[in-house]
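J.: quick one, fold the following:
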Amino acid sequence: MTSPFTLGRLRLAVQLLMLFLTVWGSQVVGYYAADKLSGTLPALSCAYDKQNGAYCMLIPLQHQLHHRVGEAIVATQQISLQILLPLLFTVLTFLAFFVVLNKAFCGWVCPLGTVQELMFRLGRRLGLPTRRLEPGQTSKARPVKWLLLITLVLALPLLAGLGLTPAATGDAWCQVCPSRIATTLLTADTEQAAIKSGSTLEFALGAVANTLFGFTLIGALALRQPFCRICPLLAWNALFQKIGLLRLVKQPNEKCGKCRVCSEACPMDIEAISREHGAKAFTEDCTLCGRCTEYCPEDGVIALKLGPIPLFRSSRAYYKQRVQGEKPNGERRPVKFHVKPAKPHD
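T.: Residues are numbered from 1 along each chain as shown. Next up, the predicted model:
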């Protein structure tokens, strides 16, 4: 008899709750109250969703660069406290959330991350084959999120404010973000999925957005978290991951690097988890989902901690229980039915 509690079930419950709050939250607390909850959540919760309970910090960050920093530089030819103060408050509000939960916003809160996990579960129900990225492929995909952060989130909005690029690039990332389409479609709003034809640039950005959205949904049927691997918000969160109180900690163990179960369980295919220990075990791609902790077969090797307080530790007993229902790679184990043998007739 297995225990009903697993860290994975707890995370799924949190994900579903946060999916509800971030997509339909204002229907519960009201639009104005939802607007006050947060304008800088460290997760891809979209402001284009008119029923949301919060939105991600990439939106105000682009807005400040476009309408304040860039335009103010043009107007005054100097950077003053008045120009940078709104941008500073945007980052500080983000940090107020981030310092506590670190990148768990990616693994536990982000609505697009939850949608991808649900699509992967659907793929398993449909019996589709699973795919994973090899270490070389993972390392090639890793720089993409930094490129998107630098160009679409930071550079283009600033250049739009300086008047060097079209106004449509003022929120360049939002124009192509698949979360914008995913979360608005969940509220039955199809406007954001429509491709604008006002200009060639708007049409191109809309085409890219729909392509990324399709890639995310279809890819997630077979590959775990396909979009998270190139998400610029994960890159932004990685910049501050060392200051977060919530973190994964791995102790050295002589068996590490042999079973590789923790790497197989990782939805981001991080190979370093099975080989390294300490900070080196968790690369910038880690979303703090905690699956490596659940699927480590050794007692106390990997722990999820909030500061010095351990919240969950790996254990062999828990591992044996966990693999009865789900394999490390996310595939469901078939349910075994025990049929009692028929009694012989007299």
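J.: what sits against the closest residue to R224 other than its chain neighbours?
T.: In space, and not counting its chain neighbours, R224 is closest to P267: 3.9 Å by Cβ to Cβ, 6 or more residues apart in numbering. Just so you know, the C-beta spots here come from the backbone N, C-alpha and C atoms, and that holds for glycine as well. Listed by Cβ atoms under 8 Å, 6 or more residues apart in numbering, the contact partners of P267 are 117, 224-225, 228, 287, 289, 291, 330.
J.: residues in a beta bridge with K250, which ones?
T.: I302 (DSSP bridges).
J.: OK, contacts around it?
T.: 273, 276-278, 281-282, 301-303.
J.: what do you get for D49?
T.: Here D49 is in contact with 23, 55, 180, 183-184, 186-187, 189 (Cβ under 8 Å, 6+ apart).
J.: could you redo the last one with a cut-off of 10 Å?
T.: By Cβ atoms under 10 Å, 6 or more residues apart in numbering, the residues touching D49 are 22-26, 55, 111, 179-180, 182-187, 189, 192.
J.: now swap in L205 and tell me
T.: Per Cβ under 10 Å, 6+ apart, neighbours of L205: 152, 168-169, 171-172, 174-176, 195-196, 199.
J.: what helix or strand is it on?
T.: L205 is part of helix 200-220, with elements assigned from DSSP states H and E.
J.: now swap in T90 and tell me
T.: helix 81-101.
J.: for that helix, buried residues please.
T.: Buried residues in helix 81-101, counted by 16 or more other Cβ atoms under 10 Å: 83, 87, 90-91, 93-95, 97-98, 101.
J.: ditto for stretch 304-315
T.: Of the residues in stretch 304-315, 304, 312-315 count as buried by neighbour count, 16+ other Cβ under 10 Å.
J.: over to stretch 109-120?
T.: For stretch 109-120, by 16+ other Cβ under 10 Å, it's 109-117, 119-120.
J.: state the pLDDT value of the residue nearest to C262 when sequence neighbours are not counted.
T.: Take C262 and drop its neighbours on the chain: the residue closest to it by Cβ to Cβ, 6+ apart is C292, 4.0 Å away. As predicted, C292 sits at a pLDDT of 95.
J.: and if you look at A188?
T.: With respect to pLDDT, A188 scores 92.
J.: could you do V14 as well?
T.: At V14, the pLDDT value in this model is 94.
J.: so what's T138 up against?
T.: Here T138 is in contact with 132, 229, 268-272, 283, 285 (Cβ under 10 Å, 6+ apart).
J.: okay, the contacts of P267 in JSON lines with secondary structure and distance to W236 next?
T.: Output for the contacts of P267, formatted as JSON lines (DSSP: H, G, I helix; E, B strand; the rest coil; distance: Cβ to Cβ, whole Å):
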{"residue": "E117", "secondary structure": "helix", "distance to W236": "21"}
{"residue": "R224", "secondary structure": "coil", "distance to W236": "21"}
{"residue": "Q225", "secondary structure": "coil", "distance to W236": "17"}
{"residue": "C228", "secondary structure": "helix", "distance to W236": "13"}
{"residue": "T287", "secondary structure": "coil", "distance to W236": "13"}
{"residue": "C289", "secondary structure": "coil", "distance to W236": "18"}
{"residue": "R291", "secondary structure": "helix", "distance to W236": "23"}
{"residue": "G330", "secondary structure": "coil", "distance to W236": "26"}
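J.: perfect, that will be all.
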